[in-house]
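Participant: When you get a sec, could you give me coordinates for this:
(4 chains)
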Protein chains: 2
Amino acid sequence: MIQNAMSVAMAEVIAQRFHLLADPTRIRILDALRGNPLTVGALTDEIGTSQQNISKHLGLLHRAGIVAREKDGVCVHYRIADDTVFELCEEVCGGIHRHLNGLQTMMDEGVAR
Amino acid sequence: MIQNAMSVAMAEVIAQRFHLLADPTRIRILDALRGNPLTVGALTDEIGTSQQNISKHLGLLHRAGIVAREKDGVCVHYRIADDTVFELCEEVCGGIHRHLNGLQTMMDEGVAR
DNA sequence: CAACTTGTCAACTGTTCAGTTGTAGAGTAA
DNA sequence: TTACTCTACAACTGAACAGTTGACAAGTTG
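Facilitator: Modelled structure (predicted):
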C-alpha cells in the first residue's frame, strides 16, 4: 500500500516532466537553444509563433529548470540548463525508429496482424 | 526553410511519443508490466481504475509499439515491447533530482531569485 | 521627457484527451 | 444451449492546455 501510494505520486511527477517535452513548440524552442543562448525575440523569429506564446513556453521550461535565463538590458537571454533533454529526444527517436522498422518488417513479410 | 519544415514535422512526432509517457496511469501500467506480462484484468486490479480505461491506455501503448499483446483464451496478456521506456523514465528522474538539488542549494545559500 | 522596444502576465477561447458509461463480440464452462 | 467472464470499442463529459488578445512594467533612445 505504501509502495502503491509512492508509485502514484512518482508517476505523477514523472508524467509532468514528460509533459513538458510533449509539445512540438517547446521541442523546437529547445532545439533552437541547442547551439547558443537566444532572446525571446530571436526565438519568436525563428519558431514563427507569437512572442507571448514563446514567453509562456519558456516560463514553463524555466520553472522546471530545463532552461536558464539572464537579463541583459531590455533583453533576456535563455539557454539550456539541463542538456540531458537532448538525450531524451534521441532515445525517443530511437524508439520511433524501432517501431517503424518493426512495421516495415511486418509489411515486407506480408504478415498483417 | 527545408530544414525548418522538417524540424516542425519531427518535433510533432517526437512530441507525440513523449505524450504517450506524459500520463501517470500509463506510467504505472508500464511499471506494473516491468516484471511480468499481465492481463487487462490483473492490471485493472493493480492500478485501481476501470477495465475499459486500462484497455484504452493499453491500446495507445500497443499502437505505438511500446507494449505487445498475446491472446490466451478469453484473456489477453500484455508485455513490454520496448523496454527503453524505462531508461527514459530514469533519465527523467535524474533531471527531476538535479532540479530539486538546484533548488535546495539555492535555498540553503539563502539566495532567492 | 516622450516614444519605442522587449518581455511577462492575466484572461479568454477552442481543441484535445483522460476517465466514464454503455455495449457487443469472443471464449469458456455447465 | 445458456450464462458468465474478459476485452475492446464507441460515445459522452469535464478538465487541462496551447495559442491568442490585451495590458503593463522595465529598459533604451532621441
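Participant: Parallel or antiparallel, list what pairs with the strand or helix carrying A:His77.
Facilitator: Element membership for A:His77 (DSSP states H and E) is strand A:75-80. If you go by DSSP bridges, strand A:75-80 pairs up with strand A:38-39 (antiparallel), strand A:67-72 (antiparallel).
Participant: ok, the helix or strand of chain A with the lowest mean pLDDT near chain B or not?
Facilitator: Of the helices and strands making up chain A, the lowest-confidence element is helix A:2-21, at a mean of 83, by mean pLDDT, DSSP states H and E. Yes: taking CB under 8 Å from any CB of the partner chain as the criterion, helix A:2-21 and chain B are in contact, through A:Ser7, A:Val8, A:Ala11, A:Glu12, A:Val13, A:Ile14, A:Ala15, A:Gln16, A:Arg17, A:Phe18, A:His19, A:Leu21. Bear in mind the C-beta positions are built from the backbone N, C-alpha and C, glycine included.
Participant: interface residues of chain A facing DNA strand D?
Facilitator: With CB under 7 Å from any atom of the strand as the criterion, chain A meets DNA strand D at residues A:19, A:22-25, A:49-50, A:52-53, A:56-57, A:60, A:71, A:73-74.
Participant: Quick check, central residue of chain A?
Facilitator: With distances taken as CA atoms, centre = their mean, A:Leu21 lies nearest the centre of chain A, 2.9 Å away.
Participant: wait, doesn't that residue sit right on A:Val85?
Facilitator: Yes: A:Leu21 is within contact range of A:Val85, at 6.6 Å (criterion: CB atoms under 8 Å).
Participant: from what I can see A:Thr84 touches B:Gly95, true?
Facilitator: Yes: the criterion here is CB under 8 Å, and A:Thr84 meets it with B:Gly95 at 5.7 Å.
Participant: Between the two, point out the one with more neighbours.
Facilitator: Using other CB atoms under 10 Å in any protein chain shown as the criterion, A:Thr84 and B:Gly95 rank with B:Gly95 on top: 22 against 14.
Participant: now that one: how far from A:Ile14?
Facilitator: Distance, B:Gly95 to A:Ile14, using CB to CB, to the nearest Å: 10 Å.
Participant: next one: A:Asn36
Facilitator: Distance, A:Asn36 to A:Ile14, using CB to CB: 30 Å.
Participant: Neighbour count: these two, which is higher?
Facilitator: Neighbour count, other CB under 10 Å: between A:Asn36 and A:Ile14, A:Ile14 has more, with 24 against 10.
Participant: what about chain A, any weak spots by pLDDT?
Facilitator: A:1-6, A:111-113 (pLDDT under 70).
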